[in-house]
Structures are given as C-alpha cells and as structure tokens.
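J.: Have a look; sequence and predicted model below, questions after that.
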Amino acid sequence: MKKSTFAKLVDREMRKHPHTKKRADFLWNYYKVDLDLLGLSLPVQRGRFKLGYKEIAEFPPEKQAEYWFHVWSKSGLMESLSQAVFFFEKWALDRKKLLKRGDIENVFDPLWPYLTKMIDRCNNWVHSDGLSGLLSAAVEERPARYALLKKWNRDKNPWRRRQSIVALHFYSRFRTKPLPSSKTLPLIRNLLHDDHFYVQRGVGWALRECHNVDPKTAFRFIEKHIADIPPIGYFAAVENFDAKTKARLKEKRLKARAKKSHTAR
C-alpha cells in the first residue's frame with residue numbers, strides 16, 4: 001500500500017464515526033486549529049486506534065512509522081493526525097517493554113527523528129501536549145537532547161518555543177531523573193514576555209512542574225518574577241499553592257505590576 005493511500009484510508013476511518021457540524025464548530029472555537037475537525041471524543045479516537053490498521057499491521061514498527069509520519073504530514077484532518085500521535089505513543093510503550101527485557105539499549109533513538117520533525121506541523125495544544133510527553137521522556141533518556149529544547153527556546157515558531165518549556169517536565173510525576181532548575185528556569189525566564197497565547201500558558205504549566213521538582217528554587221523564581229509572569233500562565237503556576245500563599249503572592253503581584261506600570265509611563 002502506498003503511504004498516500006494509507007493516509008486517505010485513515011481519514012475515511014475517522015469519518016465513519018458519527019459526528020456533527022455543531023460539535024465540530026464548538027471544538028474548533030476551543031482548539032482554534034488550522035485543520036478540518038470532526039469533533040470526535042478522545043475515547044472514540046483511541047478506541048479506533050486500538051482496533052489497529054490491518055493494512056500495515058504486519059510491517060515492523062520502523063516501517064509503520066514511515067506511514068504514520070506521512071499521515072501526520074499530509075492529512076488535513078485533526079483526528080487523523082491524532083492517530084499518528086497515538087502510534088508513536090504506543091511504539092514508545094512497546095520499546096519500553098523491550099528495554100526492560102534487555103532486548104534493546106534505549107527507547108527513543110528511532111522515534112527522535114520523527115518527533116523533532118512533527119513539531120513543524122503542530123498548530124494546536126492537543127497535538128502539542130501529545131508530543132510533549134514523548135519529547136520529555138526522550139530528553140530524560142538522553143540529557144544531551146536538551147540542547148534541542150534550548151535551541152527551540154529562541155525559535156520563530158511559537159510551537160517550538162512552547163515545546164522548549166512544556167517538554168522540560170511533562171509531567172513531573174512521570175520523570176524519574178528530572179532536569180535540574182539550572183536548565184529549566186533559564187528557558188522559562190526567556191519566554192516570560194512572549195506574546196503568543198499558548199506559549200504564555202506553557203510558561204505557567206512549566207513553572208508548576210518545576211515547582212513539583214524543586215519547590216524552593218522555583219518558588220524563589222516565581223517571587224522574583226512575580227510581575228512578569230503572564231496572567232494566563234500565572235494561575236497555573238500557583239494553582240497548587242495553599243490559599244494563604246496564593247493571597248500573599250497575589251498582593252505582591254498587584255503591587256509589583258502597579259509599580260511597573262507607573263514606571264513605564
């Protein structure tokens with residue numbers, strides 16, 4: 001089967017599921033995605049992936065990856081791109097089992113070239129988060145891969161910038177050897193004044209996870225930059241703090257932002 005034929009097949013399979021324009025329009029307003037959207041629920045999408053695609057089922061995973069990367073690159077349907085993300089998630093899980101048995105030496109070497117290219121097509125937080133989980137685990141496996149996150153931190157593409165901080169600890173509870181604050185906080189600091197909505201939100205999520213890993217250092221960072229953390233990210237950054245701490249930080253933030261505003265006049 002040609003890769004282009006397989007991509008069309010995946011699109012058809014997605015469209016077989018019941019869907020309505022009303023739900024698709026509602027979710028489009030939520031995702032703001034530059035793709036066609038059916039509005040299928042995540043359980044429905046994952047359920048279809050679990051059924052498998054017999055057309056390529058006999059291929060080794062390395063060959064299947066080529067087909068799924070083509071789906072990711074060429075399909076215009078959001079749910080089809082999600083099927084591709086599910087494949088790479090499953091491939092990573094399958095390789096983890098092989099690693100535990102001692103059959104392979106690492107998990108992400110064959111996935112890494114695909115994952116780092118897939119970000120170029122990413123234009124929504126759903127797919128971005130799916131890639132973040134894989135990228136974060138890949139960086140944990142080989143810390144030298146952090147160099148790419150550092151490079152993306154200054155990239156013109158906002159989804160690369162977002163990955164540079166969200167993939168640092170996605171999520172911290174899944175990391176056994178998390179990156180140190182000396183590597184994570186400088187990247188977050190660089191994006192405190194980023195004007196992209198989803199990068200701003202990523203700043204908050206990244207700070208929250210950094211605090212889970214290194215509470216004292218992250219808290220000092222939040223206090224120091226209390227006036228600079230973007231509003232959309234601030235609430236995520238402090239969401240796990242107790243009420244008393246939140247109130248104290250809120251007061252400090254209001255004063256710091258008022259002073260900053262006055263000085264800028």
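T.: Arrived safely.
J.: can you pull the buried residues of the helix or strand V10 falls within?
T.: Per DSSP states H and E, V10 falls inside helix 3-15. Residues of helix 3-15 classed as buried by neighbour count (16 or more other C-beta atoms under 10 Å): K3, F6, A7, L9, V10, D11, E13, M14. Yep, even glycine has a C-beta here, placed from its N, CA and C like the rest.
J.: again with stretch 61-78
T.: Q64, A65, Y67, W68, F69, H70, V71, W72, K74, S75, L77, M78.
J.: what do you get for stretch 89-107?
T.: Buried residues in stretch 89-107, counting neighbours by 16+ other C-beta under 10 Å, are found at E89, W91, A92, R95, V107.
J.: related to what we said a few turns ago, just send the buried residues of stretch 61-78 back as JSON lines, with pLDDT, distance to L134 and secondary structure too.
T.: Converted to JSON lines, the buried residues of stretch 61-78 look like this (pLDDT from 0 to 100; distance: C-beta to C-beta, whole Å; DSSP: H, G, I helix; E, B strand; the rest coil):
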{"residue": "Q64", "pLDDT": "98", "distance to L134": "16", "secondary structure": "helix"}
{"residue": "A65", "pLDDT": "98", "distance to L134": "12", "secondary structure": "helix"}
{"residue": "Y67", "pLDDT": "98", "distance to L134": "18", "secondary structure": "helix"}
{"residue": "W68", "pLDDT": "98", "distance to L134": "13", "secondary structure": "helix"}
{"residue": "F69", "pLDDT": "98", "distance to L134": "13", "secondary structure": "helix"}
{"residue": "H70", "pLDDT": "98", "distance to L134": "18", "secondary structure": "helix"}
{"residue": "V71", "pLDDT": "98", "distance to L134": "16", "secondary structure": "helix"}
{"residue": "W72", "pLDDT": "98", "distance to L134": "13", "secondary structure": "helix"}
{"residue": "K74", "pLDDT": "97", "distance to L134": "20", "secondary structure": "helix"}
{"residue": "S75", "pLDDT": "97", "distance to L134": "19", "secondary structure": "coil"}
{"residue": "L77", "pLDDT": "97", "distance to L134": "21", "secondary structure": "strand"}
{"residue": "M78", "pLDDT": "96", "distance to L134": "18", "secondary structure": "helix"}
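J.: Reformat those as CSV; add distance to R248.
T.: Output for the buried residues of stretch 61-78, formatted as CSV (distance: C-beta to C-beta, whole Å):
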residue, distance to R248
Q64, 53
A65, 50
Y67, 54
W68, 49
F69, 49
H70, 53
V71, 50
W72, 46
K74, 52
S75, 49
L77, 48
M78, 42
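J.: Just the closest of those residues to V203, please.
T.: Closest approach between the buried residues of stretch 61-78 and V203, by C-beta to C-beta: M78, at 25.1 Å.
J.: R248: neighbour count?
T.: Using other C-beta atoms under 10 Å, R248 is surrounded by 13 other residues.
J.: Which of the helices or strands spans it?
T.: Per DSSP H and E: helix 243-264 holds R248.
J.: Now render the buried residues of helix 3-15 as CSV, adding pLDDT and distance to P180.
T.: Below are the buried residues of helix 3-15 laid out as CSV (pLDDT from 0 to 100; distance: C-beta to C-beta, whole Å):
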residue, pLDDT, distance to P180
K3, 97, 41
F6, 98, 42
A7, 98, 41
L9, 98, 45
V10, 98, 41
D11, 98, 44
E13, 97, 44
M14, 97, 42
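J.: biggest separation within these, which pair?
T.: K3 and M14 (17.0 Å).
J.: Next, the contact list for the closest residue to E141 other than its chain neighbours, please.
T.: The shortest distance from E141 to any non-neighbouring residue, by C-beta to C-beta, 6 or more residues apart in numbering, is to F108 (5.2 Å). Going by C-beta atoms under 8 Å, 6 or more residues apart in numbering, F108 touches A92, R95, L115, L134, A137, A138, E141, R142.
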